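Undergrad: no sequence for this one, just the structure:
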C-alpha cells in the first residue's frame with residue numbers, strides 16, 4: 001500500500017494545479033504552475049509507479065517549453081494524473097494514456113506499447129459532418145462513460161452552490177451559442193460563452209469533478225480556436241457545443257437529485273468520450289463555405305391589435321408593442337429581427353442589475369404568507385374603527401398604517417416576481433432544434449422578455465409554452481418550398497410577446513404560417529367523434545376544438561407532435577393559474593394564441609357578490625360584464641334551462657342560490673344582477689342578488705371539507721373578518737347546459 005501522506009500530498013498538489021490551470025490564460029506567466037509541477041516528485045516519493053513519475057517528467061518538459069500548445073495538453077494530463085493516483089492508491093492498473101496526448105514522440109517511456117499498462121488502441125478521429133440538431137446528435141452517440149456523480153469527501157453546501165451556478169452558466173451559454181449561430185462574428189458574445197465554459201471548468205476543478213473539467217476544457221479549446229480565427233463556429237461546431245452543454249446539464253441535474261437524497265451514489269452514463277472525439281473531429285474539419293445570401297420578400301406577419309373589449313388608446317399601461325392581429329405589412333417594411341441578433345437587447349440583458357442574495361423559496365413563501373395575514377388583520381382593524389367611530393388622531397395613524405402595509409405587501413410580492421426571460425430563452429433552443437429536425441427555416445422574435453410575474457406562474461406556464469411553440473413550428477410554419485409557393489419568405493417567423501395590461505400579464509405566441517382552417521377542424525372533430533355530424537358551430541367554436549383531449553389535425557405522428565396530447569394540457573395548466581387562452585387565425589396567414597394570467601397566485605383582484613347575505617368572490621379576469629336583466633330577455637328552453645339574451649347571443653343562466661342550495665336568494669331575475677362569466681369562448685350568466693364591490697383579496701387554500709367539491713378555487717378573509725369563498729369560474733362556465741339548478 002502506498003503511504004497515506006504521499007497520496008494526500010499528491011492530491012493536494014493536483015488540486016492546486018487544477019485551480020491554476022482553470023484560471024490560467026494563454027500568454028500569462030506560468031511560474032506558479034512550474035513550481036507546483038516541480039513539487040510533485042517530492043510529494044509522490046519513491047514508491048509511486050514509474051508511469052506516474054514519467055508523466056510528471058513529461059509535464060515538466062511542457063512547462064519548460066511554455067508554449068500555448070503545451071498548456072492545452074495540461075487539461076487532459078491533469079485528469080489522467082487524478083485517475084492515476086487513485087489507481088496507485090487502490091493497487092489497480094494505470095489508466096490509458098489520454099488520446100489528446102497520445103503522441104508517440106511524447107508518450108512517457110513506460111507507456112510505450114509492449115510494456116504494461118498498455119493503453120487500448122484509439123483510432124484517430126475522422127472528420128464528422130454534423131448536420132442534425134444537438135439532441136439527436138446525443139442520441140446517436142453509443143459510446144457512454146459511467147460517471148460517479150458525487151465525488152468522495154464532497155462538501156454538500158459547496159456542491160449545491162456549484163449546481164446553482166452551473167445552471168446559471170449553462171443558461172447563459174445556451175443563449176449565447178444561439179446568438180453565435182446567427183452572428184458567428186459577434187466577438188463579444190463569443191468571449192461571453194468562452195468565459196462561461198472557463199468558469200465552469202474552474203468550478204469543476206475545485207469540486208474535483210474530473211469528467212466535467214475535461215469536457216469543459218475541450219469545449220474551451222474549440223471556442224478558443226474560434227476566438228483566434230482558426231475555426232469558424234458553423235453548424236457542426238454549434239451542434240457539438242449544444243450537445244455537450246446538454247450533457248453537462250444532465251450531470252448537474254442528477255447531482256441536484258442525489259444531493260436531495262434521490263438515488264444517492266448512483267452512477268450515470270454520459271457520452272463524454274464520443275463528445276470529445278466529436279470536438280476533435282470538428283476542429284479537424286474545415287468549415288463549410290457560407291452560402292450566398294438570397295434576397296427574399298419580407299414575410300407576411302402577425303401584427304399587433306388590442307384584445308376584444310380593450311381600448312388600447314386609453315390603456316393606463318400600454319404594452320411596448322401593440323397586441324397581435326393578422327394584417328399585411330407594407331412591402332417596404334423590414335422584417336423583425338430576432339432578439340438573439342439584436343445588439344441593443346443583448347446590451348440590456350448584460351447590464352448590471354445590482355447586487356443580489358439567494359434566499360430559500362420556502363422562506364420567501366413564508367414571508368409572503370405573513371404579509372398576507374398582516375393585510376387581513378389591518379383591514380379588520382380599520383373596518384372595526386370605522387364602525388366604532390374613533391377619534392381623528394387614531395384615524396390618521398391607521399391611514400399611515402394602511403399605507404405602510406400596502407407598501408410592504410407590494411415589496412413582498414415583488415420579491416417573488418422574476419423576468420420571463422429565462423422561459424423565453426428556452427423557447428429559442430426549442431425552435432432551433434425543431435427547425436433543424438424538420439428541415440425548416442424559422443426565426444424566433446422575442447419581445448418583452450423583461451416582463452415580470454410570479455415565480456409560481458412562470459413555473460406553470462413553462463409546459464404550455466413548450467407545446468404551443470412546438471406546434472407553431474411543426475403545424476404552423478410551412479416548409480421553405482411550400483412558403484415560396486405561397487409567395488412567402490422561405491424563413492417563417494414565430495413571435496413571443498409578453499407585457500402587462502390592466503393588472504394582468506399577457507403572453508402572445510404568433511406565427512406567419514398556414515393558420516388554422518375551421519372547416520378542416522370540424523371534419524377532424526366529426527371523424528374523432530368529438531361533435532355530431534349535424535352540429536352547427538361557428539368558426540370561433542371550431543377553433544376551440546383544438547383544446548379537446550386527443551384532438552390533432554396532423555396527418556401522421558412525428559417525433560415532434562401529432563398525438564393530440566398537447567393542447568388540452570395547455571388549457572388545463574393555464575386555467576390552473578386562473579388564466580385563459582384565446583385564438584385568432586386566418587388560413588394561409590398565420591395564427592395567434594393570447595394567454596392572459598394574473599401576475600401572482602397569492603393575491604387576486606375580485607368582484608364581491610352577495611346571495612342571501614352570503615358573499616362570494618369572482619376573479620375579475622373571468623368577468624366580461626354585469627347588468628340588471630329585463631324579464632323579456634330571459635327565456636326557458638326545454639332541456640337547456642334558462643337563457644339570457646346578451647347582445648343578441650343566447651347564454652345559459654345559472655342561478656347561484658339554487659346551484660349552491662342557498663335559501664332566501666332572489667327569485668325574480670329582474671331584481672337581481674347578471675354577471676357574465678367567460679372561459680375561452682364559452683360564456684355563462686351568473687344570477688346573484690347584488691354586487692358588493694371590488695377589492696384585492698389574499699387567497700387561502702380550502703380544507704378537507706371541500707375536497708372533491710367543484711366550483712370553488714379557494715377562500716378569502718374580507719375586511720370585516722368574514723370568510724368568502726372564491727368561485728371557480730371555469731368550472732361554472734363549463735357545467736352542463738341544463739345545470740342551472742344542480743347543487744354543487
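TA: That came through, no problem. Since this is a predicted model, take the numbers as computed values, not measurements. Numbering: from 1, shown residues only.
Undergrad: pop the domain breakdown of this protein in here.
TA: Listed domain ranges for the chain are 4-284, 361-418, 420-598, 603-733 (source: automatic domain parsing).
Undergrad: what about residue 76, neighbour count?
TA: Neighbours of residue 76 under the rule other Cβ atoms under 10 Å: 19. In this view, the C-beta of every residue, glycine as well, is placed from N, C-alpha and C.
Undergrad: my read: residue 500 touches residue 599, true?
TA: Yes. Residue 500 is within contact range of residue 599, at 7.5 Å (criterion: Cβ atoms under 8 Å).
Undergrad: which one's more surrounded, these two?
TA: Between residue 500 and residue 599, counted using other Cβ under 10 Å, the more crowded position is residue 599 (20 against 17).
Undergrad: residue contacts, that one?
TA: Contacts for residue 599 (Cβ atoms under 8 Å, 6 or more residues apart in numbering) come out as 413, 417, 453-454, 457, 500, 503-505.
Undergrad: can I have the buried ones of these as a PyMOL selection?
TA: The buried subset of the contacts of residue 599, as determined by 16 or more other Cβ atoms under 10 Å, is captured in PyMOL by this line:
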select buried, resi 413+453+454+457+500+504+505
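Undergrad: specify which member of the contacts of residue 599 is nearest to residue 544.
TA: residue 504 (20.9 Å; Cβ to Cβ).
Undergrad: now that closest one, nearest residue through space, not along the chain?
TA: residue 596 (5.3 Å; Cβ to Cβ, 6 or more residues apart in numbering).
Undergrad: so the one you found bridges to which residues?
TA: residue 506, residue 580 (DSSP bridges).
Undergrad: ok so, going back, output the domains of the chain in a markdown table; the columns should cover mean pLDDT.
TA: Output for the domains of the chain, formatted as a markdown table (pLDDT from 0 to 100):
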| stretch | mean pLDDT |
| --- | --- |
| domain 4-284 | 75 |
| domain 361-418 | 80 |
| domain 420-598 | 83 |
| domain 603-733 | 84 |
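Undergrad: need the winner for burial among those.
TA: The highest average neighbour count among the domains of the chain, using mean count of other Cβ atoms under 10 Å, belongs to domain 420-598 at a mean of 19.
Undergrad: quick one: residue 250 and residue 272 touch, right?
TA: No. With contact defined as Cβ under 8 Å, residue 250 does not reach residue 272; the gap is 11.0 Å.
Undergrad: three-state assignment of residue 184?
TA: Look at residue 184: counting by DSSP: H, G, I helix; E, B strand; the rest coil, its state is coil.
Undergrad: quick revisit: could you double-check that the residue nearest to residue 504 lies in contact with residue 578?
TA: No. Applying Cβ under 8 Å as the test, residue 596 and residue 578 come out as separate, 9.8 Å apart.
Undergrad: are there residues contacting both of the two? Which ones?
TA: residue 621.
Undergrad: ok, residue 230 to residue 470 distance?
TA: 37 Å (Cβ to Cβ, to the nearest Å).
Undergrad: before we move on, what about residue 682?
TA: 26 Å.
Undergrad: so is residue 724 in a helix, a strand, or just coil?
TA: strand.
Undergrad: excluding its backbone neighbours, what's nearest it?
TA: Per Cβ to Cβ, 6+ apart, closest to residue 724 is residue 615, 4.4 Å.
Undergrad: cool, and residue 716?
TA: Using Cβ to Cβ, 6+ apart, the closest residue to residue 716 is residue 697 (3.7 Å).
Undergrad: isn't the one you found right next to residue 607, touching?
TA: No. Here residue 697 does not reach residue 607: they are 10.4 Å apart, not a contact under Cβ under 8 Å.
Undergrad: assign a three-state SS to residue 713, would you?
TA: What three-state DSSP gives for residue 713 is strand.
Undergrad: list the contacts for it?
TA: Contacts of residue 713 (Cβ under 8 Å, 6+ apart): 578, 619, 699, 726-728.
Undergrad: what do you get for residue 187?
TA: Here residue 187 is in contact with residue 227 (criterion: Cβ under 8 Å, 6+ apart).
Undergrad: try the one 10 residues further on
TA: For residue 197, the residues meeting the contact criterion (Cβ under 8 Å, 6+ apart) are 173, 216, 219-220, 223.
Undergrad: go through those residues and say which is closest to residue 364.
TA: Distances from residue 364 to these, taken as Cβ to Cβ, are shortest for residue 173 (27.3 Å).
Undergrad: how about that closest one: what's its closest non-neighbour residue?
TA: Residue nearest to residue 173 in three dimensions, not counting chain neighbours: residue 196, with 4.3 Å by Cβ to Cβ, 6+ apart.
Undergrad: for my notes, confirm the one you found occurs in a helix.
TA: Yes. Judged by three-state DSSP, residue 196 forms part of a helix.
Undergrad: and for residue 213, nearest residue in space, chain neighbours not counted?
TA: Looking at residue 213 with Cβ to Cβ, 6+ apart, the closest residue is residue 204, at 4.1 Å.
Undergrad: now that neighbour: how far from residue 659?
TA: Counting by Cβ to Cβ, the gap from residue 204 to residue 659 is 61 Å.
Undergrad: what about the residue most central in space within the chain, helix or strand, and which?
TA: Geometric centre of the chain, nearest residue: residue 423, 3.1 Å, by Cα atoms, centre = their mean. Secondary structure from DSSP states H and E places residue 423 in helix 421-438.
Undergrad: just to revisit the earlier point, restricted to strands, list the contacts of residue 599.
TA: 417, 453-454, 500, 504-505 (DSSP state E).
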